[in-house]
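**Student:** Structure of the sequence below:
(chains A and B)
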Number of protein chains: 2
Amino acid sequence: MVHVETREFGRAIGLSCRECGALEKLGPIFACSQCFGPLEVAYDFGEISREEIVSGPPNIWRYRALLPVPPDVAEKPNLAPGWTKLVKADRLAAELGLRSLYVKDDSGNPTHSFKDRVVAIAVEAARAFGFRTLSCSSTGNLAGAVAAAATRAGLDSCVFIPADLEAAKIVMAAVYGGRIVGVEGSYDDVNRLCSELLGDPLGEKWGFVNVNLRPYYAEGSKTLAYEIAEQLGWRLPDQIVIPVASGSQLTKIDKGFRELIKLGLVEDKPYRVFGAQATGCAPVARAFKAGHDVVQPVKPDTIVKSLAIGNPADGPYVLDVVRRTSGAVEDVDDHEVVEAIRLLARTEGIFAETAGGVTVGVLRKLLRDGRLDPDAETVVLNTGDGLKTLDVVAGQARPTAVIRPSLDALRTAFAN
Amino acid sequence: MVHVETREFGRAIGLSCRECGALEKLGPIFACSQCFGPLEVAYDFGEISREEIVSGPPNIWRYRALLPVPPDVAEKPNLAPGWTKLVKADRLAAELGLRSLYVKDDSGNPTHSFKDRVVAIAVEAARAFGFRTLSCSSTGNLAGAVAAAATRAGLDSCVFIPADLEAAKIVMAAVYGGRIVGVEGSYDDVNRLCSELLGDPLGEKWGFVNVNLRPYYAEGSKTLAYEIAEQLGWRLPDQIVIPVASGSQLTKIDKGFRELIKLGLVEDKPYRVFGAQATGCAPVARAFKAGHDVVQPVKPDTIVKSLAIGNPADGPYVLDVVRRTSGAVEDVDDHEVVEAIRLLARTEGIFAETAGGVTVGVLRKLLRDGRLDPDAETVVLNTGDGLKTLDVVAGQARPTAVIRPSLDALRTAFAN
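**Tutor:** Residues are numbered from 1 along each chain as shown, chains lettered A, B, ... in the order given. The predicted structure is shown next:
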């Protein structure tokens, strides 16, 4: 096949079905017309060099040749997310008994979660398909990311969230001036409503980033893989711990690693992928432990709202990846999540949201159980910001003392 | 004088008095032994090239040759702040009637405020002087920055804040596991207590980042100037709007611009510096408007807690800079601050804390009054993150509607 760079989708050549492999034309569709399987973007990359990437901007657009975006994407108004820090976490490593550990800290993104990456790709797809309104169902982080990205791009937005979300996430989704609808129900209820809306005159001309733009949107998570490899000095890690909500992020990081190998940008070597869930919403971990291929939906009951997807669309593909790479899916309870948030803050000065507590908690659990190699180079993801889930640590993160403004008062307080 | 690069302080050669010009040896001191004037770091830079800077890391350490830090600073455990986005704010510019506007968005720093920059330099000074405990008086952002930086560096911390701060700032300062003391009083009370503590056996071996380490600490703000110039393509802006709390940041950005000119890294050209305060704590704006050289202390009464310093140490130097550059110091009231936060969020997808509302509000006011040139290239600073001052916008940033999960409910809500 001849390599073609289109104006709107770069080196993407179509959408391929993850089940039957059929190739569809690029469009605002997400299910295979043959078998209803999920679609993902297919490319004809041709040659891509490290030099080409390194000379790009310090954001995800340095990888534009690997994404379904136009060549001039970096010049358009967008939030320019990514190129977040890969922190060498020596103090956390020492505490856990690991030789070499890195935290990929996506709280450094514009709206302080990894969602800015996926939304940035969806915005380009929305522009290409002529959508003027950006929408989503969200557990919170996505709503803020969509609202912010839409306004920067000059698009309208209407985002849908469970009505009982953390206050910070609601304010953050609303402050950018788009419409925000609270739905009395779970994330899965919100998601269902959005799917119905897409078939309704009211929403049929909207770009739902995680429904009809999902194949494009999901590709944004590959940039986590690219950045980790480049920041390690063009090398894949030995082990990586990734949070699992819909499961899309984990499967796309794996896809990113495989693309880098295929393009000769990193050396081919084995790596192990581990998924992390909260015990109160662990459908994929349960399926993994039971040896099942299908994921039974659950009703979420956990403080980890950003991972509270009871019916994860990419659950089965997560199972494929972790089994193929000799990884696992594990879960930690809410108490362990809070402990892990505090451990990461105390050792590395990184204040993670609950999803970061899940990955660090699972990392610790897997090490204790001897299922991670303590001598292998390990990466753990923090995908969100503690400022958005303050309440879960507010009870423990309090002043040591409250005093009148005098040295005597201070001495008395410190003597106690 | 011969150029000497020391192990611990790079190209710094001493501390010079801003009043009498006397040169002191580098040490944990902040007042001139001759006249008690404030000390600042003096350098013998020698030659510094753009190439040397550009080949550095994507954080403030790319400017290490211009800072009082060791040559290997980037390899030490620290938060590696800086290299935050300079956002081309076309939508905000259009709304304000400006031709060319950029927002320097320091909410992208590790603890989401510009304080990470100054603290990073103070940490190196603390290491050099053998301090094991890092401390500060803080209006909130600094406390979190110190606690996070200390733990990453393996130092202890004990931070002091007014007891009535925003909840988010208290949690963020406490979560990193250091000591945090709430003081019943204003920031100026807290500051006084810290000065006393430094003369007491309890605190005499502590590094107070904004007291005995202040000359080093303050240099961190120069990196804002360096980044703005480099990100503009090695060019100074025509006009810049900077928040004024102690006033240190504004004077150091001016110092940074002048250093770049002197080193031949940018072309020499006039630029105008504007200071921004909240009306409820505007001692420097008042002095400017009255044509005074001295700044009369005030008792702060404003929602803008991060700028609520009633007795600003660098107030007179701020007046010098704005008068020398044909700028001004202006203030906006709390209502205008909230409006400006929402304006910035709605147009650019940047959610600023109250200090960002002050700078954007003052920018708007100066334009309306014809005191800023609408055709000149303008930079406005956002130094903090809206997630830390949620309450001020929470009343206005709410869901458009809350509905049951059904299309009918949505149609009804949208019809109203």
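**Student:** what does the stretch 1-150 of chain A have sitting close to chain B?
**Tutor:** A:58, A:77, A:79-80, A:83, A:85, A:88, A:90-91, A:108, A:110-112, A:147-150 (CB under 8 Å from any CB of the partner chain). (C-beta placed from N, C-alpha, C; glycine too.)
**Student:** for the stretch 51-200 of chain A, what spans make up the strands?
**Tutor:** With DSSP state E, counting those that start in this stretch as the criterion, the stretch 51-200 of chain A has strands at A:85-88, A:101-105, A:133-137, A:156-162, A:179-183.
**Student:** Could you dump these into a markdown table and include mean pLDDT, distance to A:Val393 and mean neighbour count?
**Tutor:** Shown next, in a markdown table, are these (pLDDT from 0 to 100; distance: least, CB to CB, whole Å; neighbours: other CB atoms under 10 Å in any protein chain shown):
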| stretch | mean pLDDT | distance to A:Val393 | mean neighbour count |
| --- | --- | --- | --- |
| strand A:85-88 | 98 | 20 | 20 |
| strand A:101-105 | 98 | 17 | 25 |
| strand A:133-137 | 97 | 27 | 26 |
| strand A:156-162 | 96 | 21 | 25 |
| strand A:179-183 | 96 | 24 | 24 |
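**Student:** of these, which approaches B:Glu259 most closely?
**Tutor:** strand A:85-88 (27.1 Å; CB to CB).
**Student:** other SSEs contacting that closest one?
**Tutor:** strand A:101-105, helix A:222-231 (3 or more CB pairs under 8 Å, 6 or more residues apart in numbering or on different chains; DSSP states H and E).
**Student:** Can you confirm whether the longest one lies near chain B?
**Tutor:** What that stands for is helix A:222-231. No: between helix A:222-231 and chain B, judged by CB under 8 Å from any CB, nothing touches; the nearest distance is 10.4 Å.
**Student:** residue ranges with poor pLDDT in the stretch 1-150 of chain A?
**Tutor:** A:1-6 (pLDDT under 70).
**Student:** can you tell me how far A:Asp189 sits from chain B?
**Tutor:** In this view, A:Asp189 and chain B are 4 Å apart by CB to the nearest CB, to the nearest Å.
**Student:** tell me the contacts of that residue?
**Tutor:** Contact analysis of A:Asp189 by CB atoms under 8 Å, 6 or more residues apart in numbering or on different chains lists A:162, A:183, B:405.
**Student:** Roughly how far does it sit from A:Ala163?
**Tutor:** 10 Å (CB to CB, to the nearest Å).
**Student:** shared neighbours, these two?
**Tutor:** A:Val183.
**Student:** re the thing from before, dump the contacts of A:Asp189 to TSV, plus distance to A:Ser16.
**Tutor:** Formatted as TSV, these follow (distance: CB to CB, whole Å):
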residue	distance to A:Ser16
A:Pro162	33
A:Val183	33
B:Pro405	32
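**Student:** now the helices for the stretch 1-150 of chain A?
**Tutor:** A:50-54, A:90-96, A:115-129, A:141-153 (DSSP state H, counting those that start in this stretch).
**Student:** so which of these gets nearest B:Ala290?
**Tutor:** Nearest to B:Ala290 among those is helix A:141-153; the distance by CB to CB comes to 39.9 Å.
**Student:** chain center to that closest one, what's the gap?
**Tutor:** How far helix A:141-153 lies from its chain's middle: 15 Å, per CA atoms, centre = their mean, to the nearest Å.
**Student:** now it against strand A:156-162, angle please.
**Tutor:** Angle, helix A:141-153 to strand A:156-162, by axes from the mean of the first three to the mean of the last three CA atoms, to 10 degrees: 170 degrees.
**Student:** Return the residue spatially closest to A:Glu204, with its sequence-adjacent residues excluded.
**Tutor:** By the measure of CB to CB, 6 or more residues apart in numbering or on different chains, the closest residue to A:Glu204 outside its immediate chain neighbours is A:Leu198, 6.4 Å from it.
**Student:** give me every residue that touches that neighbour.
**Tutor:** A:204, A:206, A:208, A:211-212.
**Student:** What of A:Asp391?
**Tutor:** A:Glu166.
**Student:** gap between the residue nearest to A:Lys25 when sequence neighbours are not counted and chain B?
**Tutor:** Nearest residue to A:Lys25, sequence neighbours excluded (CB to CB, 6+ apart): A:Gly14, at 6.0 Å. According to CB to the nearest CB, A:Gly14 stands 31 Å off from chain B.
**Student:** For A:Gly14, the count of nearby residues, please.
**Tutor:** For A:Gly14, the neighbour count with other CB atoms under 10 Å in any protein chain shown is 16.
**Student:** now do A:Ile261
**Tutor:** With other CB under 10 Å as criterion, A:Ile261 counts 16.
**Student:** try the one 4 residues further on
**Tutor:** By the other CB under 10 Å criterion, the neighbourhood of A:Leu265 contains 17 residues.
**Student:** looking at this, it is in a helix?
**Tutor:** No: looking at A:Leu265 with DSSP: H, G, I helix; E, B strand; the rest coil, it is coil, so not inside a helix.
**Student:** isn't it right next to A:Trp234, touching?
**Tutor:** Yes: assessed by CB atoms under 8 Å, A:Leu265 is found in contact with A:Trp234 at 6.5 Å.
**Student:** what touches both of the two?
**Tutor:** With CB under 8 Å, 6+ apart as the test, A:Leu265 and A:Trp234 both reach A:Arg50.
**Student:** Got phi/psi on A:Val294?
**Tutor:** phi -100, psi 150 (degrees, to the nearest 10).
**Student:** Sort out which one of the contacts of A:Asp189 lies nearest B:Ala22 for me.
**Tutor:** Closest to B:Ala22, out of all of the contacts of A:Asp189 and judged by CB to CB, is A:Pro162, at 63.5 Å.
**Student:** what pairs with that closest one across the strands?
**Tutor:** Legend: beta-bridge partners of A:Pro162 under DSSP bridges are A:Val183.
**Student:** Report the contact partners of it.
**Tutor:** Counting by CB under 8 Å, 6+ apart, A:Pro162 touches A:139, A:182-183, A:185-187, A:189-190, A:305.
**Student:** Please apply the same query to A:Pro215.
**Tutor:** Contacts of A:Pro215 by CB under 8 Å, 6+ apart are A:15, A:29-30, A:38-41.
**Student:** show me the contacts for A:Leu236.
**Tutor:** A:229, A:257, A:260-261, A:266-267, A:269, A:271.
**Student:** How about A:Ala173?
**Tutor:** Residues counted as contacts of A:Ala173 (CB under 8 Å, 6+ apart) are A:138, A:140, A:143-144, A:146-147, A:159, A:161, A:180.
**Student:** do the same with A:Ser137
**Tutor:** A:Ser137 makes contact with A:160-161, A:187, A:190-191, A:193-194, A:208, A:210-211 under the criterion CB under 8 Å, 6+ apart.
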